[in-house]
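Trainee: here is my input, please return the structure:
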Amino acid sequence: MITFDYHSHNDRCGHAVGKLEDYVQQAISLGLTHFGMSDHGPAYWLEGDHAQPWVQMAVSELPNYVGEAVALKERFADEIVLSVGIEADFIEGAEEKLSAWLAAHPFDYVLGSVHYCLGHSVFDRRRWKTQRPEAIFRDYYRQVILAARSGLFDILSHLTVIDTYSPGMPDALAAELYPEVAAAIAESGCIVEINTSCYRKQPAWDEPYPNRKMLTALIARGVPLTFGSDCHAPEEVHFVREKVETLLTERGVSPKAQQNRVKRGQIMTFLVPPQGGGQGAS
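Mentor: Numbering: from 1, shown residues only. Next up is the predicted model:
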């Protein structure tokens with residue numbers, strides 16, 4: 001059984017419910033050994049204290065969040081290993097600004113997410129009618145590679161999230177882009193989370209982030225993998241972890257946990273075979 005979960009949110013971000021401690025208590029009740037607190041960081045690239053209150057915490061709230069997370073980590077140390085994290089957007093051209101505020105806080109890990117490409121959110125359904133799909137896919141994965149190489153992040157979040165409301169990536173384009181992305185991530189040393197929020201957003205797909213083709217490419221490169229439910233309510237902690245266990249077993253990856261050193265601390269990851277379990281994007 002998977003006993004860790006490194007992607008969680010709380011009501012500070014404006015679109016989740018429940019206090020930070022509610023998620024910690026839920027993780028303990030489920031028998032998790034490791035849990036990461038990783039709410040959405042501020043929109044640091046925009047003006048104002050709270051530029052996007054519906055998706056991100058205020059700049060002024062960040063010290064309060066970190067302080068509470070550190071206190072919970074110490075308070076529950078005898079019951080669960082808690083890690084203080086943050087989900088930070090990768091914004092091309094704003095790397096120095098992000099680096100400065102990350103360095104100002106005692107994070108155990110940082111989740112790196114690409115939420116915007118070609119001027120629109122990855123969740124903007126209308127964009128697929130006004131922009132060329134191939135251009136969207138190419139720009140998204142170009143930024144994923146930049147995020148991996150930036151040195152800012154320990155874990156890359158919800159890869160292939162750009163698929164969510166898309167018409168679908170052509171197989172030929174996936175075969176071109178996925179191995180390149182996997183190679184860049186492997187070289188960067190970043191961990192990739194298997195994020196189960198896609199099972200909530202698009203349950204008919206029966207796919208996680210990253211999707212099966214990208215996951216195969218990552219495993220082939222020996223990229224370390226971890227688990228993140230991306231929970232936005234306490235009851236979503238560890239969401240459908242059994243699906244991930246099956247997915248990993250089918251690809252020769254053991255769900256057994258092992259410690260993996262990242263820039264800022266230790267993350268539990270799955271045991272990926274040294275030579276990988278697949279080829280390219282097949």
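
Trainee: and the strands in the stretch 1-150 of the chain, which stretches?
Mentor: 4-5, 34-37, 81-89, 109-113, 116-117, 120-121 (DSSP state E, counting those that start in this stretch).

Trainee: list the contacts for the most centrally placed residue in the chain?
Mentor: Residue closest to the average C-alpha location in the chain (C-alpha atoms, centre = their mean): Ser157, at 2.0 Å. Going by C-beta atoms under 8 Å, 6 or more residues apart in numbering, Ser157 touches 7, 87, 111-113, 193, 195, 209, 228, 230. Glycine gets a C-beta too; all of them are placed from N, C-alpha and C.

Trainee: hmm, back to that, distance to Met268 and mean pLDDT added to the strands of the stretch 1-150 of the chain, as a markdown table?
Mentor: Formatted as a markdown table, the strands of the stretch 1-150 of the chain follow (distance: least, C-beta to C-beta, whole Å; pLDDT from 0 to 100):
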| stretch | distance to Met268 | mean pLDDT |
| --- | --- | --- |
| strand 4-5 | 4 | 98 |
| strand 34-37 | 5 | 98 |
| strand 81-89 | 8 | 98 |
| strand 109-113 | 11 | 98 |
| strand 116-117 | 30 | 96 |
| strand 120-121 | 31 | 96 |
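
Trainee: which of those strands sits closest to Glu180?
Mentor: Minimum separation from Glu180 across these (C-beta to C-beta) falls at strand 116-117, 16.3 Å.

Trainee: strand partners of that closest one, parallel vs antiparallel please.
Mentor: Applying DSSP bridges to the sheet, strand 116-117 is found paired with strand 120-121 (antiparallel).

Trainee: which residues are in contact with the partner strand?
Mentor: Applying C-beta under 8 Å, 6+ apart, the set of residues contacting strand 120-121 is 115, 127, 131.

Trainee: what sits closest to the last one if chain neighbours are left out?
Mentor: Leaving out its chain neighbours, the residue that sits closest to Gln131 by C-beta to C-beta, 6 or more residues apart in numbering is Leu118, at 5.9 Å.

Trainee: kindly list the main-chain dihedrals of the one you found?
Mentor: phi 50, psi 40 (degrees, to the nearest 10).

Trainee: name the next helix or strand downstream of the lowest-mean-pLDDT helix or strand in the chain, please.
Mentor: Ranking every helix and strand in the chain by mean pLDDT, DSSP states H and E puts strand 254-261 at the bottom, with a mean of 82. Next in sequence after strand 254-261, counting helices and strands by DSSP states H and E, comes strand 266-271.

Trainee: circling back: need the strands of the stretch 1-150 of the chain in JSON lines with mean neighbour count and distance to Ala27, can you?
Mentor: As requested, these are exported to JSON lines (neighbours: other C-beta atoms under 10 Å; distance: least, C-beta to C-beta, whole Å):
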{"stretch": "strand 4-5", "mean neighbour count": "26", "distance to Ala27": "7"}
{"stretch": "strand 34-37", "mean neighbour count": "26", "distance to Ala27": "4"}
{"stretch": "strand 81-89", "mean neighbour count": "23", "distance to Ala27": "8"}
{"stretch": "strand 109-113", "mean neighbour count": "23", "distance to Ala27": "16"}
{"stretch": "strand 116-117", "mean neighbour count": "21", "distance to Ala27": "30"}
{"stretch": "strand 120-121", "mean neighbour count": "14", "distance to Ala27": "29"}
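
Trainee: out of these, which comes closest to Tyr199?
Mentor: Of the strands of the stretch 1-150 of the chain, nearest to Tyr199 by C-beta to C-beta is strand 4-5, at 14.1 Å.

Trainee: quick one: distance of that closest one to the chain centre.
Mentor: Taking C-alpha atoms, centre = their mean, to the nearest Å, the mean C-alpha location of strand 4-5 is offset from the chain mean by 12 Å.
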